[in-house]
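**Q** could you work out the structure for the sequence below:
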Amino acid sequence: MSLEIIDSQVTQFLARDTPEILAIKGEWGVGKTYTWDQILLRASQEGSISKRKYSYVSLFGMSSLEGFKYSIFESSIECSVIGKRITLDTLKENTKALSSSLGKRSLKFFQNAPVLKGFGGSMNSLAFLSLSDTLICIDDLERMGDGLKLGDILGLAHYLKEKRNCKVVFLLNESEIGSEYKTYREKVVDIELKFDPTVEESTNIAFTGTGQIYDELRSSSRKLKIKNIRVLKKIELIVNNSTPYLIGFEPEVTSELIHTATVLSWCFYSSSESVPAFDYVITRGYGYLGIGEDTRDEEHKRWDSLLSDYDFSFHSDFDSVIADSVSTGYVNEQRFSKAARELNKRVLADKSEKSVRHIWNLYHHSFEGNQAEIVDSIKSNVESNSKHISPSEISGRRKLLKSLNLCEIAAEIIKLYLEKRKDDLSEFKANSDLFWHSPPDSDFHEALNNAYQLLDSAESVEEILRRIAKNNSWNPEDEMVLAKTAPSEYLNLFMSIQGDELPNIIRRCLEFGKFVNASELQIAISDNVRSALKEISDQNILNKIRVKKFVNFDSE
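**A** Sure, this is the predicted structure:
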């Protein structure tokens, strides 16, 4: 039955003053209670509920008929306040109404009674008998405790309808309640609605937000045909708790979060055998890809087919941290952020590669007059993806622009690129041979050298040492600077630097003197560093022990 029909029938039921019993049946988690609450709230706001009072009771775990009776009384509120926060004043008002209904002689007694429930079964029964003209919703009929019988519950509902002019609604899962319900249904239930929304309706119920994230939540959930509202809300919670850590990242990272969180939450919270088991999904090997031995049974093959159709594999660190979030209920900020950063880098690199292919496809695969489109593609790619464009690739683009007599644009491209990659110039200089598949454009080579000179003039000895220790690479200019650095300056630097960089810096400096056929500059670096370490070693016994890790002067 469509939600439109459900909505129409429930709305009419609420508006009629006739005492009736309505049953809304549907599978666990499909949104019966949520939809009932939404329709009820709207009717309350529109003033279209025929009864003055409303009471909601869940039978989950309830084992006493007397307790059930009192819960109806205790939970009753004015229909005008449905959806608003209910306080202990509600119970006081109900108690006051009960006192009035039993007469003035009882008024003083009931006003002094703090909680009626404490007076036992007789008071509970009196409280129940005071109910009239009330709309009552009884939820979780199939989950009541052992002390309650279905016949008693349905009989009580029939009494409230016939003798107390009440309207009663049952929300139930017929598949779990057994055949007893069918026995009483014809005698007790006036209207029965089957709540079986479509996948599209279910996602619209669960995801009420707007924007790209909610569009993707609905789309990914529909691919898996998820109808369980509780599962859908769990997916929404994981995504909403994670997205604050993705600010500034590429939108593809958020899309990957939604894609993965959807399928893993579905597997974790669903109990159906048709849904892949969570533990299987996060531990399966490569057999389903045809790699290695395939030990899967037929059920696992069905699961793998379903996951394949959804395009999910579970092989990345990002998948793993999302799985942890699903199973624990919270996001490990440090692990999640680290995995997200790595994924973001891969996304940017992939975008850059696609942009490069697009630029050269425009050139190679057409005789159209698309020069303007080629130039615009080069500009936009450098503007947005310089971090993932190598100098050799830039050199090739510059040559193309110069061949088109666009020298000014070519110069602008180089200037923009070097500004975007200014933090990487030291790495370029130290590893320049790695970047060239062909000799660089002469103008670009000159621009690079000018940038290197500015870098050298600004880079201190300490910065050079830190860079070499980090990258384990250097250039001839670095060797010249370090060879001219006096032992006293090395001493001051070693005494001022703290942390795990210090041992790496010292070892890198000493290695210059260990190279086969070491140059004079390299030997000078090693000798000056050894002189500095000897002076540090002579300062005190503690430093002597520390220096011994690098050079044992006692054995020389």
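
**Q** what's the first helix or strand after the helix of greatest length in the chain?
**A** If you go by DSSP state H, the chain has its longest helix at helix 333-364. With elements assigned by DSSP states H and E, the helix or strand that comes after helix 333-364 is helix 371-385.

**Q** helices and strands around that next one, which ones?
**A** Where contact means 3 or more CB pairs under 8 Å, 6 or more residues apart in numbering; DSSP states H and E, helix 371-385 is packed against helix 333-364, helix 391-403, helix 407-420. (Each C-beta comes from the backbone N, C-alpha and C, glycine too.)

**Q** C-alpha coordinates for it, CSV please?
**A** Provided in CSV are the C-alpha atoms of helix 371-385 (Å, rounded to 0.1, in the frame of the first residue of the first chain):
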residue,chain,number,x,y,z
GLN,A,371,42.8,26.3,-30.1
ALA,A,372,40.9,28.5,-27.6
GLU,A,373,39.6,25.4,-25.8
ILE,A,374,43.1,23.9,-25.6
VAL,A,375,44.6,27.1,-24.1
ASP,A,376,41.7,27.4,-21.6
SER,A,377,42.2,23.8,-20.6
ILE,A,378,45.9,24.4,-20.0
LYS,A,379,45.3,27.5,-17.9
SER,A,380,42.5,25.9,-15.7
ASN,A,381,44.5,22.8,-15.2
VAL,A,382,47.6,24.7,-13.9
GLU,A,383,45.4,26.9,-11.7
SER,A,384,43.6,24.0,-10.0
ASN,A,385,46.1,21.0,-10.2
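
**Q** give the buried residues for it.
**A** Neighbour-count burial for helix 371-385 flags 374-375, 377-379, 381-382, 385 (criterion: 16 or more other CB atoms under 10 Å).

**Q** strands of the stretch 151-300 of the chain, start to end?
**A** Secondary structure of the stretch 151-300 of the chain by DSSP state E, counting those that start in this stretch: the strands cover 167-172, 191-194.

**Q** could you work out which of those strands reaches nearest to Lys53?
**A** For these, proximity to Lys53 was assessed by CB to CB; strand 167-172 is nearest, at 10.7 Å.

**Q** the closest one - contacts with which helices or strands?
**A** For strand 167-172, the contact count by 3+ CB pairs under 8 Å, 6+ apart identifies helix 3-15, strand 21-25, helix 32-46, strand 134-139, helix 150-164 as packing neighbours.

**Q** could I get the average pLDDT for it?
**A** Strand 167-172 shows a mean pLDDT of 94.

**Q** try stretch 18-29
**A** Here stretch 18-29 scores 91 as its mean pLDDT.

**Q** using CSV, write down the CA coordinates of it.
**A** In CSV, the C-alpha atoms belonging to stretch 18-29 read as follows (Å, rounded to 0.1, in the frame of the first residue of the first chain):
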residue,chain,number,x,y,z
THR,A,18,-16.5,7.5,15.7
PRO,A,19,-14.8,5.1,18.1
GLU,A,20,-12.7,2.7,16.0
ILE,A,21,-9.7,0.4,16.1
LEU,A,22,-7.1,0.7,13.4
ALA,A,23,-4.2,-1.7,12.8
ILE,A,24,-1.1,-0.6,10.8
LYS,A,25,1.0,-3.6,10.1
GLY,A,26,4.5,-3.7,8.5
GLU,A,27,7.9,-5.2,8.8
TRP,A,28,10.4,-4.2,11.5
GLY,A,29,12.0,-0.8,10.9
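
**Q** tell me which residues in that stretch are buried?
**A** For stretch 18-29, burial by neighbour count (16+ other CB under 10 Å) applies to 19, 21-27, 29.

**Q** could these go into TSV alongside distance to Asp319?
**A** Output for those, formatted as TSV (distance: CB to CB, whole Å):
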residue	distance to Asp319
Pro19	55
Ile21	49
Leu22	45
Ala23	43
Ile24	38
Lys25	38
Gly26	33
Glu27	29
Gly29	25
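
**Q** which stretches of this protein have low pLDDT?
**A** For the chain, the stretches with pLDDT under 70 are 84-129, 178, 285-294, 353, 423-442, 445, 452-459, 556.

**Q** for Glu298, which of the helices and strands packed on strand 167-172 is the nearest?
**A** Ranking the helices and strands packed on strand 167-172 by their distance to Glu298 (criterion: CB to CB) puts strand 21-25 first, at 32.9 Å.
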